[in-house]
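S.K.: Structure for this input, please:
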Amino acid sequence: MAKSNSDYAEFNKDDVEVIDKTTPFKKYFQVDEYTLRHKKHEGGWSQPINREIFERGHASGMLPYDPVADVIILVEQFRPGSFAAGYNPWLLEVPAGIIEEGQTPEDVAIRETHEETGCTAKRLELIADYLVSPGGSTESLHLYCVEVDSTEALEFAGLEHEGEHIRVLKVPVAEAFDMLENGYMHNSTGIIALQWLKMNHKDIRDKWCK
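M.R.: From the prediction side, this is the model:
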């Protein structure tokens, strides 16, 4: 069984004291302000720390993979954060979606695969479950490799009422690995997904082609 961070960390969430918590901003996203202190490795407690935390919620990401055609599905869409950071705001990504209350990460992976690519999810393989930016955000991401039939892929997808305008790309795996090696993927989820596929390509293709 794979080990988690808790198997190695000296402390856990019980070693943190929240002195105060407020929510100074809540709109499309939410920002919470914490005053807290925590135990120190060398003993004792830290001085009170004041931090603003971006309450982003939790999401599922998925790498749609057709093992028969040896093709993956990527999406391209406008990202305001990338624009504000000075990057090209049209990013190549893997599909992803927010986990709403009452939904499982697997539910979202299946739904978003169809909404963002047009493909039906057949089987899911967990790639990783990780915190996206734990220094200042609550966001976690469950990342899957999803078996699909790439002939079902649309040219354009997304929900207009959610402001999604998505271009769908079918990319041969060898080309996707070249994109990874040459820096064409500028988001961590896409990089992690492609690195996982590069390490597990033969095994997952053999498994799903049986």
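S.K.: Kindly list the longest strand within this protein.
M.R.: strand 16-26 (DSSP state E).
S.K.: Can you point out the buried residues in that strand?
M.R.: In terms of neighbour count (16 or more other CB atoms under 10 Å), strand 16-26 has no buried residues at all. C-beta here means a position set from N, CA and C on the backbone, and glycine is covered the same way.
S.K.: so how far is that strand from its chain's centroid?
M.R.: Averaging C-alpha positions (CA atoms, centre = their mean, to the nearest Å) puts strand 16-26 26 Å from its chain's average.
S.K.: could you pull out the strands for this structure?
M.R.: Under DSSP E, the chain gives strands at 16-26, 30-38, 49-55, 58-66, 71-78, 90-93, 96-98, 124-131, 140-147, 156-157, 166-172.
S.K.: pull the CA atoms of the fourth one into PDB?
M.R.: The C-alpha atoms that make up strand 58-66 are tabulated as PDB, following Å, rounded to 0.1, in the frame of the first residue of the first chain:
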ATOM      1  CA  HIS A  58     -11.500  20.400  -4.700                       C
ATOM      2  CA  ALA A  59     -11.400  19.000  -8.300                       C
ATOM      3  CA  SER A  60     -10.900  16.000 -10.500                       C
ATOM      4  CA  GLY A  61      -8.600  16.100 -13.500                       C
ATOM      5  CA  MET A  62      -8.400  13.400 -16.200                       C
ATOM      6  CA  LEU A  63      -6.100  12.400 -19.000                       C
ATOM      7  CA  PRO A  64      -8.400  10.800 -21.600                       C
ATOM      8  CA  TYR A  65      -6.400   8.000 -23.300                       C
ATOM      9  CA  ASP A  66      -7.400   5.700 -26.200                       C
END
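S.K.: Okay, angle between that strand and strand 124-131 too, please.
M.R.: 140 degrees (axes from the mean of the first three to the mean of the last three CA atoms, to 10 degrees).
S.K.: Below-threshold pLDDT in this structure: ranges please.
M.R.: Scanning the chain for pLDDT under 70 picks out the ranges 1-6, 160-163.
S.K.: Okay, domains of it per the record?
M.R.: Residue ranges for each domain of the chain read 11-55, 58-208, as given by automatic domain parsing.
S.K.: Of those, which stretch is the most buried?
M.R.: domain 58-208 (a mean of 17; mean count of other CB atoms under 10 Å).
S.K.: What pairs with the longest strand of the chain, parallel or antiparallel?
M.R.: Paired neighbours of strand 16-26 in the sheet (DSSP bridges): strand 30-38 (antiparallel).
S.K.: Appreciated, that's everything.
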